[in-house]
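# Please find the sequence and the predicted model below.
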Amino acid sequence: MMRCRFLLCCLLIFSLTVGCTGFMKKGASEKETSGKSAVANHPLTGEPLEQTDPGPVFMVMVNNHPDARPQTGLDQADMVVEALTEGEITRFAAFYYGHQQGIVGPVRSIRPYYLDLREGPQAVVGHAGGSPQALKRMDEQNIPSLDGIHEAGAYFQRKDFRKPPHNLYTDLSQLRQGVIQEGIDAKKRVNSPYVFDSETPKSGEKLAFHIRIAYHRLYEVGYQYNQANGSYIRYTQGEKQLDGKTKHPLSMKNVLVIRTSHRVIDSSGRREIDLTGSGKGMLFRDGKAISIQWENRNGWIVPVRDGEIAPFHPGKTWIHVIPENGNLAYGKG
């Protein structure tokens, strides 16, 4: 009997020792890993973001008049939103996060609905003036911005190879400097609702190796899917769109097309475009077309499918805002 009690005591001591040893080992492991700097994911692309000081998100208004092409810096943008302005010409809201430098332009003016796009990332706006409604809103809401034709002209330059107003450029390093020197209170850490998944969507989706988006009979955008690298190559008016400086073709992993209401509001042809509600859309990724609903969630344009956020492929995204009856075509050929 005494021998049994002795063995039970030994087993109990052994168990406690192993348990404590395991706990201490786990604690040491946590301490060791806690000292390592984790690599965060980029809120706009889902790719690794290794900058220790990414700075704020910048939303730069980029001109798309025929005399402004080819633009510079769009190939570096993490996300671009394209929407109509006056007439039948679109304008780009190019978003940059974590970029230390890089020429961007030509820079153009802002409209109120573009300001709706900056709400989510709380972006600093780089622009060249704006409509009266947009400038009033920026002043009333104290929206952080750098205006290249007014008080922040020092951070922009006119280039002599183009005629005004299509020759105003900036550099991301200058915008970062402007935020510091002008004492702009800018949000530096950004969280987005976007979901990213590199897995190819289920086979039931329709193939989309080419995409055609007609904003107007005189302005058409197209994409061709490159199966070798899983990217969409952009075409404007039937020609492959290249960056003005690097000569690299504009390519992205995701093309999101959303439909929403458009309304002309004045004699100058300015528009009111609803980017705060929801509607129908189509997400193109991995050579496939995915029918979605879009929603504005806390200032972010988000694709939704079956009640869940539809994932982007990690990488750059181009968002097209078209009228509810806008012309969109796609297919395999």
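Nice, I can see it. Numbering: from 1, shown residues only.

# hmm, who's touching stretch 307-317?
Applying C-beta atoms under 8 Å, 6 or more residues apart in numbering, the contact partners of stretch 307-317 are 44-47, 77-80, 193-198, 230-231, 251-256, 283, 285-286, 290, 292, 302-304. Heads up, the C-betas are built off the backbone N, CA and C, glycines and all.

# go with 7 Å
Stretch 307-317 has contacts (C-beta atoms under 7 Å, 6 or more residues apart in numbering) with 45-47, 77-79, 193-198, 252-254, 256, 283, 285-286, 290, 292, 302-304.

# and residue 227, how many neighbours?
9 (other C-beta atoms under 10 Å).

# just to revisit the earlier point, only whichever of the contacts of stretch 307-317 are buried, select them in PyMOL.
To isolate the buried members of the contacts of stretch 307-317 in PyMOL, using 16 or more other C-beta atoms under 10 Å:
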select buried, resi 45+46+77+78+79+194+196+252+253+254+256+283+285+286+290+292+302+303+304
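
# ok, residue 40 - contacts?
Going by C-beta under 7 Å, 6+ apart, residue 40 touches residue 49.

# for the stretch 101-250 of the chain, what spans make up the helices?
112-118, 132-141, 172-181 (DSSP state H, counting those that start in this stretch).

# can you list these in a markdown table and add mean neighbour count?
Listed next are these as a markdown table, based on neighbours: other C-beta atoms under 10 Å:
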| stretch | mean neighbour count |
| --- | --- |
| helix 112-118 | 22 |
| helix 132-141 | 14 |
| helix 172-181 | 18 |
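
# Let's have those in TSV, adding mean pLDDT.
Converted to TSV, those look like this (pLDDT from 0 to 100):
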stretch	mean pLDDT
helix 112-118	96
helix 132-141	96
helix 172-181	97
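
# Tell me which of the ones you listed lies nearest to residue 210.
Residue 210 lies closest to helix 112-118 among the helices of the stretch 101-250 of the chain, at 27.1 Å (C-beta to C-beta).

# what helices or strands is the closest one leaning on?
Contacting helix 112-118 under the criterion 3 or more C-beta pairs under 7 Å, 6 or more residues apart in numbering; DSSP states H and E are the following elements: strand 58-62, helix 132-141.

# With distance to residue 261 added, can I get the ones you listed in a markdown table?
Shown next, in a markdown table, are the helices and strands packed on helix 112-118 (distance: least, C-beta to C-beta, whole Å):
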| stretch | distance to residue 261 |
| --- | --- |
| strand 58-62 | 22 |
| helix 132-141 | 17 |
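
# out of these, nearest to residue 125?
From the helices and strands packed on helix 112-118, taking C-beta to C-beta, the stretch that ends up closest is strand 58-62, at 5.3 Å.

# between the helices and strands packed on helix 112-118, which one is nearest to residue 158?
Among the helices and strands packed on helix 112-118, the nearest to residue 158 by C-beta to C-beta is strand 58-62 (15.7 Å).

# Name the residue closest to the centre of this structure, please.
Centroid-nearest residue in the chain, with C-alpha atoms, centre = their mean: residue 79, separated by 2.8 Å.

# give me the beta-bridge partners of that one?
residue 95, residue 317 (DSSP bridges).

# Contact partners for it?
Counting by C-beta under 7 Å, 6+ apart, the residues that residue 79 touches are 44, 95, 316, 317, 319.

# wait, doesn't the second one sit right on residue 73?
Translated: residue 95. No. Contact between residue 95 and residue 73 fails when scored by C-beta atoms under 7 Å: they sit 11.4 Å apart.

# could the helices of the stretch 101-250 of the chain be laid out in a markdown table, adding distance to residue 64?
As requested, those are arranged in a markdown table below (distance: least, C-beta to C-beta, whole Å):
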| stretch | distance to residue 64 |
| --- | --- |
| helix 112-118 | 13 |
| helix 132-141 | 17 |
| helix 172-181 | 19 |
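
# Quick one: closest of these to residue 273.
helix 112-118 (4.3 Å).

# Can you tell me what sits against the closest one?
59, 61, 81, 83, 93, 125, 133-134, 137-138, 143, 273, 275-276.

# Of the residues you listed, just say which sits nearest to residue 109.
Distance to residue 109 across the contacts of helix 112-118 (C-beta to C-beta) is lowest for residue 61, with 6.5 Å.

# Quick check: the gap between the closest residue to that closest one other than its chain neighbours and residue 107.
The shortest distance from residue 61 to any non-neighbouring residue, by C-beta to C-beta, 6 or more residues apart in numbering, is to residue 127 (4.5 Å). Distance, residue 127 to residue 107, using C-beta to C-beta, to the nearest Å: 7 Å.
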